[in-house]
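In: Take this sequence and fold it.
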Amino acid sequence: MHGLAKFLHESHHRNAARAVPALLEANDFFPVILAAGVNILLALGFNQPSLGALVPTCVGITAYGFAYFIVHDVYIHRRLRLFGNKKVALLERLAVAHRRHHQFNGEPYGMLLPITGQRASGSIPSHVPAES
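Out: Residues are numbered from 1 along each chain as shown. Below you'll find the predicted structure:
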């Protein structure tokens, strides 16, 4: 999302900064594009015995996509009001990391490796060994 297809993802950052976000943004094409790829791979996996490993791989990709939608679009950006104003402790760390991503346009991105940027700042003083 921050590489070759950055032109699509930039719409997400512009939309999130608006007082009243638009219902759809160019970034919403990512799941459509990825779903098309998954469907092609599923067809191959189901129809070519030697490619059967693609089926569980695609199931995993789909599960991740669903989790991403719930966490990113529904919980963090509240594009659907399923959570109301409730805070879910398990998801708040992701939300904080993602807000930092929007603020500074860099790590932590808030989904795959949300803790990276937070750990980089360190919670152990530099003079204390991390491992005993």
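In: Below-threshold pLDDT in this structure: ranges please.
Out: 1-4, 6-7, 13, 15, 19-21, 105-132 (pLDDT under 70).
In: can you pull out the helices in it?
Out: 6-17, 29-47, 54-68, 89-104, 116-121 (DSSP state H).
In: Could you chop the protein up by domain?
Out: As given by automatic domain parsing, the domain ranges for the chain are 26-85, 87-119.
In: Let me have the ones you listed in JSON lines, adding mean neighbour count and distance to residue 9 as columns.
Out: C-beta here means a position set from N, CA and C on the backbone, and glycine is covered the same way. Listed next are the domains of the chain as JSON lines, based on neighbours: other Cβ atoms under 10 Å; distance: least, Cβ to Cβ, whole Å:
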{"stretch": "domain 26-85", "mean neighbour count": "14", "distance to residue 9": "5"}
{"stretch": "domain 87-119", "mean neighbour count": "15", "distance to residue 9": "10"}
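In: Redo these as CSV? Include distance to residue 11.
Out: Shown next, in CSV, are the domains of the chain (distance: least, Cβ to Cβ, whole Å):
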stretch, distance to residue 11
domain 26-85, 4
domain 87-119, 13
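In: closest to residue 79 out of the helices of the chain?
Out: With Cβ to Cβ as the criterion, residue 79 lies closest to helix 6-17 of those, at 9.6 Å.
In: picking up where we left off before, got TSV for the helices of the chain, with distance to residue 75 too?
Out: Listed next are those as TSV, based on distance: least, Cβ to Cβ, whole Å:
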stretch	distance to residue 75
helix 6-17	14
helix 29-47	16
helix 54-68	10
helix 89-104	5
helix 116-121	18
